[in-house]
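pasting the sequence and the predicted model now:
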Amino acid sequence: MPPFGASELSTMTGTADASNQPVIVLHNLVKFFGRFAALRDISDSFAPGKLYVVVGDNGAGKSTLLRVVAGLMEPSQGSVTLLGSTNVREVAHRVGYMGHAPLLYDELDGMENLRYFAGLYGLHDDGVCSSAMQQVGLDPAMERRVGQYSQGMRQRLSLARAVLHNPELMLLDEPFSNVDVHSARDMAAILGRVRDQGKTIFVVTHQAPLMEPVADEFVQMAAGKIVARESRNPMADASLATGGAR
Amino acid sequence: MTRGNVLRATLMKDLRMEWRSKDAINSMLFFALLVVVIFSFAFNPTAEESRQIAGGLIWVSFLFAAVVALNQTWARELRNQVLDAYRVSPAPPNSLFMAKVLGNFLFVVILEGLMAPLFVVFYQLRSVGPVWQLIVVALLGTWALVVNGTFFAALSIRTRSREIMLPLILFPISIPALLAMVDATTMILTGDGTPEFWLKMLLVYDVVFTLVCLLLFESVLNAE
């Protein structure tokens, strides 16, 4: 499998949000699962054009926060303003989401998957799909079905699906899981360059050290709250102690 | 992006996936075939008796077989949580629903087309009434089954035992349609009376339930 290329950003570029309005505003956000509070009264805002890395232990509420922001879950209380709108569907075409699962059809090959998802965003140009595949280091001519892909290839294709429509805001949940360290570093570098084009990126990951060279801000979560926002990785010491990816 | 484009893309994607896996059509066919053979051996009816019971037999076997396909419909979208990719996109939810309904309609109509000659052979069926009316009943009846079936299959996808839930919800709500389908089919096969009333009832049932399902589908899709 070829590594990520250096000149892969041609179609990922786009206009950044001209205003300096926050891309995401969280207002007293609470999310309950039964009696368990996964998110506890989160109020915060995030500026455009930055790469945020959301870190925290398992169960801290990282993925739940991302799903609520993406509109996949309704908050129990509070509200989310996304790209100036409280109606996520209104701005859905400006947001890219990559979930924990690959969100791909195993029975279709890579191009067929991307063609279908591009169609959902009103894109009917095969060039967009093949370019997105090349950007993540996959061969558009490969006819192998996704069910026969390795985990790493699925992750790459999933990233291609998320960036297919050139979104202004990307919400990526564990994009490096099951990806080898070399490819993960390449992916992180790509995300850095995408950010440089004015996009806002949220990456939820347990492999925060990979993002250190490109991250603008680390958002640390614990027990359903945002407990720290800083420019250095707050989990760095813990990562070193446990031998985290570097 | 238009509703039509998304509907067509989703339908073509589903047909391609079914063509490759043949999950739904194979299991439906096998199930319907078993019902035809078992009932034929169990009852061994004469041609006249067949005309009296065939309406019920045909539609009950198609209903049971359709449930197999309906359960598959959303299972594909749940694997790898692909449904989330649709939900975060700006594509209209109703286009997804209608694509699923049309896909299921096509699968069940193909099943009916393949099974019809077997019913004729095993039950020595000869229709006294006009055959074209049977086709109308089949189309309206199949739509009634799949539109509700697709909707309730979506409703039950987040339940733990969805294979059991679907028939439990679908069968009671399908009783009026099933009654109309069975009575209309029996009338046409035996030539006793005209099936006009039942056909009108089926048409109204189809229109009402299609509209209700379309109105409620977005809530079902986004339910947690």
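Right, received. Where do you want to start? Just so you know, these numbers come straight off a predicted model, no measurement behind them.

which residues in chain A form strands?
For chain A, the strands defined by DSSP state E occupy A:24-33, A:36-46, A:51-56, A:77-82, A:95-98, A:169-173, A:200-204, A:217-222, A:225-230.

and residue B:203, how far from residue B:222?
Counting by C-beta to C-beta, to the nearest Å, the separation of residue B:203 from residue B:222 is 31 Å. Every C-beta, even on glycine, is put in place using the N, C-alpha and C of the backbone.

repeat for residue A:26
Going from residue A:26 to residue B:222 by C-beta to C-beta gives 20 Å.

which residue of chain A lies farthest from its centroid?
residue A:35 (28.4 Å; C-alpha atoms, centre = their mean).

could you check stretch A:107-125 against chain B for contacts?
Yes - using C-beta under 8 Å from any C-beta of the partner chain, we find that stretch A:107-125 touches chain B at A:107, A:108, A:112, A:116, A:117, A:119, A:120, A:121, A:122, A:124.

derive a PyMOL selection command for the buried subset of those residues.
The PyMOL selection below is limited to those of the residues of stretch A:107-125 next to chain B classed as buried (16 or more other C-beta atoms under 10 Å in any protein chain shown):
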select buried, chain A and resi 107+108+112+116+117+119+120+121
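
let's see which of the residues of stretch A:107-125 next to chain B end up in helices.
A:112, A:116, A:117, A:119, A:120 (DSSP state H).

isn't the first one right up against residue B:16?
Spelled out, it's residue A:112. Yes - here residue A:112 reaches residue B:16: they are 7.3 Å apart, a contact under C-beta atoms under 8 Å.

joint contacts of those two?
Here residue A:112 and residue B:16 have no joint contacts, going by C-beta atoms under 8 Å, 6 or more residues apart in numbering or on different chains.

that's a strand at residue B:128, yeah?
No - assigned with DSSP: H, G, I helix; E, B strand; the rest coil, residue B:128 falls outside any strand and is coil.

so who does it touch?
Taking C-beta under 8 Å, 6+ apart as the criterion, residue B:128 is in contact with B:51, B:188, B:189, B:190, B:191.

what stretches of chain B score poorly on pLDDT?
Regions of chain B meeting the criterion pLDDT under 70 cover residues B:1.

what parts of it come near chain A?
Residues of chain B found near chain A (C-beta under 8 Å from any C-beta) are B:1, B:5-6, B:9-10, B:13, B:16-17, B:20-21, B:76, B:79-82, B:84-91, B:222, B:224.

now list the buried members of those residues.
Here, 16+ other C-beta under 10 Å leaves B:1, B:6, B:9-10, B:13, B:17, B:76, B:79-82, B:84-91 buried among the residues of chain B next to chain A.

give me the helices and strands touching the helix or strand harbouring residue B:42, please.
Assigned by DSSP states H and E, residue B:42 falls within helix B:23-43. Packing contacts for helix B:23-43, counted by 3 or more C-beta pairs under 8 Å, 6 or more residues apart in numbering or on different chains; DSSP states H and E, involve helix B:47-78, helix B:93-123.

residue contacts, the residue nearest to residue A:116 when sequence neighbours are not counted?
Excluding its sequence neighbours, the residue lying closest to residue A:116 (C-beta to C-beta, 6 or more residues apart in numbering or on different chains) is residue B:13, at 5.0 Å. Residue B:13 is in contact with A:105, A:108, A:112, A:116, counting by C-beta under 8 Å, 6+ apart.
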